[in-house]
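In: what would the 3D arrangement of this be:
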Amino acid sequence: MVCPDLYVLAIYQDSRGFLWVGTVNGLSRFDGKHFVSYGLRQGLTSQYINHILEDKQGRLWAGTMGKQIFRFSDNRFIEYPFSDSAKFRYILNLQELNNGELWVSTDSGMYRFETGNWAKRTLVPGFENKICLQILETEKGHLL
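Out: From the prediction side, this is the model:
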């Protein structure tokens, strides 16, 4: 099997050496010789994969242009909802902080993964609904 599309949006190498390729038609895993493709049959309800991240616990996450975040588990994708019905248009970044917290940057604020869903959080008062591309951490763990 080949990669599901030539229009690549994201590439990520996980801790086991697999190369994950996000495209407009799903997600593929490349082991150095073969592609295994994942899409609707494996639980993705949006196949436009533009963010891929493996967290410190070894969980693989995929963000979509469809305002959704999925976690890969047992060859299936599980969607984790946003607490406020996702009042934004685009996911801009998916990142893990040094303390293990997972955050999503959107065109309308920041979300932190908490107890099974993505909760809207304010990092800077007055900017809770503004575009934020990513969180920067200082050596002392302060967020910027």
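In: if I look at residue 77, how far off is residue 56?
Out: 20 Å (Cβ to Cβ, to the nearest Å). For glycine as for every other residue, the C-beta is placed from the backbone atoms N, C-alpha and C.
In: okay, these two: which has more neighbours?
Out: More crowded of residue 77 and residue 56, by other Cβ atoms under 10 Å: residue 77, with 24 against 12.
In: so the more buried one touches residue 42, yeah?
Out: Yes - if you go by Cβ atoms under 8 Å, residue 77 and residue 42 touch, sitting 5.6 Å apart.
In: which intervals of this structure have sub-threshold pLDDT?
Out: Along the chain, the parts satisfying pLDDT under 70 run over 1-4, 86, 142-144.
In: rerun that using 90 as the cut-off
Out: Along the chain, segments meeting pLDDT under 90 span 1-7, 25, 46-47, 65-67, 83-92, 106-109, 115, 122-144.
In: so where do the strands sit in it?
Out: Using DSSP state E, the strands of the chain run over residues 8-13, 19-23, 26-30, 35-38, 49-54, 60-64, 69-73, 76-80, 91-96, 102-106, 109-114, 117-121.
In: in the third one, what's buried?
Out: Taking 16 or more other Cβ atoms under 10 Å as the basis for neighbour counts, the residues of strand 26-30 that come out buried are 26-30.
In: again with stretch 31-40
Out: For stretch 31-40, the neighbour count (16+ other Cβ under 10 Å) marks 37-39 as buried.
In: do stretch 69-82 as well
Out: Buried positions in stretch 69-82, judged by neighbour count with 16+ other Cβ under 10 Å: 69-72, 77, 82.
In: equivalent analysis for stretch 11-23, please.
Out: Buried positions in stretch 11-23, judged by neighbour count with 16+ other Cβ under 10 Å: 12, 18, 20-23.
In: what do you get for stretch 94-103?
Out: Under the neighbour-count criterion of 16+ other Cβ under 10 Å, stretch 94-103 has 94, 96, 102-103 buried.
In: kind regards, and thank you for your time.
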